[in-house]
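*Asks:* Predicted coordinates and the sequence they were generated for:
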Amino acid sequence: MNDPRPPKLAEKLLLRFIKEDLAEEVLGDLDEKYYSVLEKHPKKANRNYWYQVLNYIRPFALKKTKSKYSKLTIMFNNNFKVAWRSMKRQKMYSAIKIGGFSIGIMVCLLILLYINDDLSYDQQYQEKHRVYRLVNHMNDPTDTERWTSFSPAIKKVLESDYPEIETVGRLIPFDWFNGGNNQMRPEGQDIITYEEGFMYADPELLDILEVQMVYGSTENALSNPKSILISEDKASKYFPGENPIGKTIILNEDTAAHYTIGGVMKNFPKNSHLQTDFLLTLVGEEFWPGEQSSWCCSNYNTYLRLYDGSNPTQLESKLLSIRDNHLVPHFRQRGNLWADELEKFYSIELQGVTDIHLRSTDIHSEFSKGDITMVWLFGIIAIIVLALASINFINLSTAKSANRAKEVGLRKVIGSGKSTLVFQFLTESILYSLVSFILAIILAVILLPYFNIIAEKSLSIPFLEWWFIPLIIASAVIIGVISGVYPAFYLTAFKPLSVLRGDTSRGSKSAGLRSVLVVFQFTASILLIIGAVVVNEQMNYITRKKVGFDKDQILIIHGTNTLGQKAESFKNEIKQLSSVEEVSYSNSLPVEGTMRNNNQFWIEGTSTTKEGVGAQIWGVDEDYVKTMGFKVVMGKDFDPTLTTGNPILINQTMAKELGVEDPIGVLVTNKFEPPYRIVGVIEDFHYETMRDEILSLCLRLQGGNSLAAVRFNPQNVDETLSKATEIWEQFAPNQAIRYSFMDEKFNAMYKDVQRTSRIFNIFSILAVFVACTGLFGLSGFMAEQRRKEISIRKVLGASVHSIFRLLSSNFIRLVLISFVIAAPIGYHYLEKWLEDFEYRIPLSWGFIAMAGGIGLLVALITVSFESLKAGFQNPVQGLRSE
């Protein structure tokens, strides 16, 4: 049997790294320790030996190696020093490069944060791949329409007839009975508070949307009639430090609207399409006799969770049986001709829960939503801005080639190979990229709070995420390499003999690629300018367009329905104020966020022979038309002295769709109530956004009173508000007054477009700025390289004007080429964007020409500084070396 010896691999490892003068002594000591341990603990000897070897591999004992890795380290350090010195020596050149790079990277970072936030919506659900929302689809060749409201009876049919479906839950997310906005107070408290976003929901919806509970359970929270589920925030607000389950909430001072708290849920994440603090149960609710089994009225958003392995496409095909077995027979039985339209064009679609936020722009629903098109647009802008910054780097590097030519020539003469020089210039490019990334992150941190205000988001830079720093470093290296690879090969292509003789013209004359890149920069910049001009013109058109009523000087007082029997007295008191002209009660106003109610109407006696006219029906009082400033174009306004006959006013669109030239006195019916008699026609007005056409509408004298519209004299705004508040406090001492202004509410309908417009404008300005920094640097280097030529021309009598024209004409020509390329592209895509608006500006070539003029002016101003500087330069300075 062989005698035990120390592990040979450990000896070899030690000899590979340890200094030669220490090797013999160290090995002797280790052998002695090895045999000492071997006698006492044989099993530990080898392990201890390895420990001792690894313990000796320390800097003091390591020999200096001349491996290829150390050579690379030395070369990188040397290249880094050269790059740093070059950066410090050419301050303006470095500032332009780093400035453009950092702004481009900052824009990319902000856009990526914005896009990531939009893409994160509804990703929190563990079973998201099985959760869907139902969408109605009417694919009429003349008008495609999609919407989310279904009849209440659909729930039982889905549960019983489709084995693929595991769970069904419904939601009423709008102003409906006690849904919407309410005045509320906990029982036993006197102070009444206004809260928004009450929604009706099935208990099953809590399970489908994986609602997290703080108190109670999803199984029991909404299981009892008249129960309510509140959010963690609202529980802390109204019941601080206690479990509120079992306590009662009273809505709108209505004795029939007492709700018992069945649970407290965690706040919905900000990136959830569903945002609410109050869910009212649908258990035991029937809003009129037979409502829950009816197919007539569509008020319910419907969510499903499928069983694993179910095919949603196949299920969509099977859902046609709902149309054939329920919807069509229902309408046909009532003689409604819409049954034929349903049979031809109607289908039901499944929309994945993760698609709701970004892919619902063409779906009528009550939720705020993003737009996948905007995500793509901002992503393209991010790429364009980064490309512009990279092009700056390439252009400025190649333009500066004459200044680096002798350096390259000398390095080649003393033995530097092409690969060594390429590595040097790539190191320089990566250094610029790293510095730019650091500056970009600093700028992003500073500007992010302002960007959040503009974008109406709560974005943050994920510094604490494990992947963020590695991603930034990797991105800096990759972008540095991509931006620097062409200049590196370009600069190392100089022949040493030529450059040492003084032939360094390659950088100024071989300008083909630079010209192409400048054209790309300004094509992109002009496209963004065209977009900014047209978007702003469309927004101005919307805000200036006559909307069919006088939206200015109308004060809206909210929550007046809690006044009960005192409501009419309050109206009279407000009307007595000298600055008040008119006062009216209603639940519906021509701005978003107020009650809507759509019905089908027929001229009496035609319901079985003609298709119905879909129209909004708003309950108002006799002062509504005067208060809103609507114009009666036929017939007359409501007559408060006539209380019989069920009178209504209709708009011009409804009169046209009813197909009667003179509708005054015509009886119309919606089959739910006694026939209405048309007493007047009002001029069409916009009550939704201008993305949509004006639809049919009628007003009836049976209104709610949750909103009081007060038309006042604009010269006494503060006085009007002060006196209105005093009167309110007399009538509702336990309820703070809430008010808004009609024009502000109207403008808020376009906040999504305005927000997108502001972001687009900011990024467009930054993109143009990045392009101009490169053009500025490029014009400066072109002037520097032609300095002797310019001096000779001046000596021979050339004027400043001719020098300016000489240096700027090529750049202006490139910008004009850019405009020719950008104009048709911009026209095509903006025409498609404007198609989303039913009321829009005509897209004329004048807007395109204006954008081109702005681009040309910006370019001219950019190059003029260096061109004029060269023109005014003393020629002696340029010829001094000759």
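*Replies:* In hand now; what should we look at? Not measured: the values here are computed from a predicted model.
*Asks:* all contacts plus neighbour counts: C-alpha atoms, from now on.
*Replies:* Fine.
*Asks:* how many other residues sit next to Glu838?
*Replies:* Using other C-alpha atoms under 10 Å as the criterion, Glu838 is surrounded by 13 other residues.
*Asks:* Kindly apply the preceding question to Ser802 instead.
*Replies:* 13.
*Asks:* roughly how far apart are it and Phe865?
*Replies:* Separation of Ser802 from Phe865 (C-alpha to C-alpha, to the nearest Å) stands at 15 Å.
*Asks:* do the same with Glu366
*Replies:* From Glu366 over to Phe865 (counting by C-alpha to C-alpha), the distance is 54 Å.
*Asks:* what's the answer for Trp728, then?
*Replies:* Trp728 sits 64 Å away from Phe865, taking C-alpha to C-alpha as the criterion.
*Asks:* neighbour-wise, which of the two wins?
*Replies:* Legend: neighbour count by other C-alpha under 10 Å for Trp728 and Phe865, higher for Trp728 (21 against 15).
*Asks:* Please look at that one and Ile737 and confirm they touch.
*Replies:* Yes: the pair Trp728 and Ile737 qualifies as a contact (C-alpha atoms under 8 Å) at a distance of 6.6 Å.
*Asks:* End to end on stretch 198-216, go ahead and measure it.
*Replies:* Span of stretch 198-216 from end to end, C-alpha to C-alpha: 19 Å.
*Asks:* what mean pLDDT does it have?
*Replies:* Averaged across stretch 198-216, pLDDT comes to 97.
*Asks:* One more: stretch 748-762?
*Replies:* 83.
*Asks:* How about stretch 797-816?
*Replies:* Stretch 797-816 comes out at a mean pLDDT of 82.
*Asks:* May I see the buried residues of that stretch?
*Replies:* Residues of stretch 797-816 classed as buried: 800, 803-805, 807-808, 811-812, 814-816 (neighbour count, 16 or more other C-alpha atoms under 10 Å).
*Asks:* Stretch 247-257 too?
*Replies:* Buried residues in stretch 247-257, counted by 16+ other C-alpha under 10 Å: 248-253, 257.
*Asks:* next one: stretch 645-653
*Replies:* Going by neighbour count (16+ other C-alpha under 10 Å), the buried part of stretch 645-653 is 646-653.
*Asks:* how about those, which pair is most distant?
*Replies:* Using C-alpha to C-alpha, the buried residues of stretch 645-653 reach their maximum pairwise distance at Asn646 and Thr653, which is 20.7 Å.
*Asks:* first to last residue in stretch 552-561, what's the distance?
*Replies:* 24 Å.
*Asks:* How far off centre is that stretch?
*Replies:* Taking C-alpha atoms, centre = their mean, to the nearest Å, one finds the center of stretch 552-561 at 31 Å from the center of the full chain.
*Asks:* what does it rub up against?
*Replies:* With contact meaning C-alpha atoms under 8 Å, 6 or more residues apart in numbering, stretch 552-561 is reached by 182-183, 194, 252, 567, 628, 704-714, 737-743.
*Asks:* pLDDT of it, averaged?
*Replies:* 92.
*Asks:* same check, this time on stretch 860-872
*Replies:* pLDDT averaged over stretch 860-872 gives 76.
*Asks:* Pull out the buried positions in that stretch.
*Replies:* 860, 862-864, 866-868, 870-871.
*Asks:* Of the residues you listed, which belong to helices?
*Replies:* Among the buried residues of stretch 860-872, DSSP state H puts 860, 862-864, 866-868, 870-871 in helices.
*Asks:* of all these, which comes closest to Ile165?
*Replies:* Closest approach to Ile165 among these (C-alpha to C-alpha): Thr862, at 63.9 Å.
*Asks:* Nearest residue to the closest one in space, ignoring adjacent ones along the chain?
*Replies:* Nearest non-adjacent residue to Thr862, counting by C-alpha to C-alpha, 6 or more residues apart in numbering: Phe776, 5.5 Å away.
*Asks:* again with Gly855
*Replies:* Spatially, and ignoring its direct neighbours in sequence, Gly855 is nearest to Ile526 (5.9 Å; C-alpha to C-alpha, 6+ apart).
*Asks:* One more: Asn646?
*Replies:* Tyr676 (5.1 Å).
*Asks:* In this model Pro647 seems to touch the one you found, though I could be wrong.
*Replies:* Yes: taking contacts as C-alpha under 8 Å, Tyr676 lies within contact range of Pro647: 5.7 Å.
*Asks:* where exactly do the strands run in the stretch 251-400 of the chain?
*Replies:* 258-265, 278-281, 301-306, 346-352, 363-364 (DSSP state E, counting those that start in this stretch).
*Asks:* Let me have the ones you listed in a markdown table, adding mean neighbour count, distance to Leu209 and mean pLDDT as columns.
*Replies:* Formatted as a markdown table, the strands of the stretch 251-400 of the chain follow (neighbours: other C-alpha atoms under 10 Å; distance: least, C-alpha to C-alpha, whole Å; pLDDT from 0 to 100):
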| stretch | mean neighbour count | distance to Leu209 | mean pLDDT |
| --- | --- | --- | --- |
| strand 258-265 | 24 | 12 | 96 |
| strand 278-281 | 26 | 13 | 97 |
| strand 301-306 | 24 | 9 | 97 |
| strand 346-352 | 20 | 12 | 96 |
| strand 363-364 | 14 | 20 | 89 |
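*Asks:* so can I have TSV of those strands showing distance to Ile414?
*Replies:* TSV is the format used below for the strands of the stretch 251-400 of the chain (distance: least, C-alpha to C-alpha, whole Å):
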stretch	distance to Ile414
strand 258-265	75
strand 278-281	79
strand 301-306	73
strand 346-352	66
strand 363-364	71
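*Asks:* out of those, which comes closest to Val157?
*Replies:* Counting by C-alpha to C-alpha, Val157 lies closest to strand 301-306 out of the strands of the stretch 251-400 of the chain; the figure is 12.1 Å.
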